[in-house]
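Student: Okay, structure incoming, though there's no sequence with it:
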């Protein structure tokens, strides 16, 4: 019987992290490498993902970058194929790519932004999950969702609707893909990534304002490593009896 530390060991696992070129995605990729997994970093910005992969190799990890547009099914298929070709298998898939820089009332939101947000935050999760599952013998799929999917967030109807859909996909795919594949989600709280700051109309000099506005009981903003650690748990054997769950990682603050 494995010890508890052994349950968290990801040695021999192969993970794909979409949206892995910066912020939360890069943090997840690093956490996985630190726990022994080989990692494929995927995003549209080639220079960014190559930089992350190089950094991961620099700390002794196995990693490479694949330029990927998650809103294009063929691109997702190529990502999965290259992963299996390079590492021989695929066991973990993180649907992290997403976000929307726009916050405004629904009546003012451009229709194009609605379609773009649904394609990036919902349809890409649906298709990514199916692409990954078709190449996994057993494994773990983790969706990065948001508190915006569980309650009203004025100004983010498009994003909240997409993330509510991600929550639904998490529950449904957990049932459909069991027992071969576990499917869970992580809902990050206030983590000052580039996309979040743009959506809030703030910059890195205003982090104290964000902390005060969000009323976070643990009295700090989150970090990409906070989300990476949660994903390590869900991907590892420590969570072998966990599926269809949405874990909130937000310092105790109410979702918003």
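Tutor: Perfect, I can see it now. In this text the structure is predicted, and so the values were computed from the model without any measurement.

Student: Apart from its neighbours in sequence, what residue is nearest residue 13?
Tutor: Leaving aside its chain neighbours, residue 13 sits nearest to residue 37 (4.3 Å; criterion: CB to CB, 6 or more residues apart in numbering). In this view, the C-beta of every residue, glycine as well, is placed from N, C-alpha and C.

Student: whoops, I mixed them up, residue 156
Tutor: residue 148 (5.3 Å).

Student: again with residue 116
Tutor: residue 100 (7.8 Å).

Student: Check residue 180 too.
Tutor: Nearest non-adjacent residue to residue 180 (CB to CB, 6+ apart): residue 138, at 5.5 Å.

Student: so that neighbour touches residue 91, yeah?
Tutor: Yes - between residue 138 and residue 91 there is a contact under CB atoms under 8 Å: 7.1 Å.

Student: Looking at those two, which has the bigger crowd around it?
Tutor: residue 91 (23 against 10; other CB atoms under 10 Å).

Student: How about the contacts made by residue 209?
Tutor: Residue 209 sits next to residue 202 when contact means CB atoms under 8 Å, 6 or more residues apart in numbering.

Student: and it, what pLDDT?
Tutor: You'll see residue 209 listed with a pLDDT of 85.

Student: what pLDDT does the spatially most central residue of the chain get?
Tutor: The structure's the chain has its C-alpha centroid closest to residue 96; by CA atoms, centre = their mean the separation is 2.5 Å. pLDDT for residue 96: 98.

Student: With residue 103 instead?
Tutor: Residue 103 is given a pLDDT of 90.

Student: same thing with the one 4 residues further on?
Tutor: Per-residue confidence (pLDDT) for residue 107: 96.

Student: show me where pLDDT drops low in the stretch 151-256 of the chain?
Tutor: 256 (pLDDT under 70).

Student: same thing with the stretch 1-150 of the chain?
Tutor: Using pLDDT under 70, nothing in the stretch 1-150 of the chain is flagged.

Student: mind listing the helices for it?
Tutor: With DSSP state H, counting those that start in this stretch, the ranges of helices along the stretch 1-150 of the chain come out as 4-7, 23-34, 46-58, 73-87, 111-118, 124-133.

Student: Name the residues of the fifth one that are buried.
Tutor: The reference is to helix 111-118. 114, 117, 118 (16 or more other CB atoms under 10 Å).

Student: who does that helix touch, helix- and strand-wise?
Tutor: With contacts defined as 3 or more CB pairs under 8 Å, 6 or more residues apart in numbering; DSSP states H and E, helix 111-118 has these neighbours: helix 157-177.

Student: Counting by contacts, list what whichever helix or strand comes after the helix it packs on packs against.
Tutor: Sequence order places strand 181-188 as the next helix or strand after helix 157-177, per DSSP states H and E. Secondary-structure packing of strand 181-188 (3+ CB pairs under 8 Å, 6+ apart): strand 139-144, helix 157-177, helix 224-235, strand 246-249.
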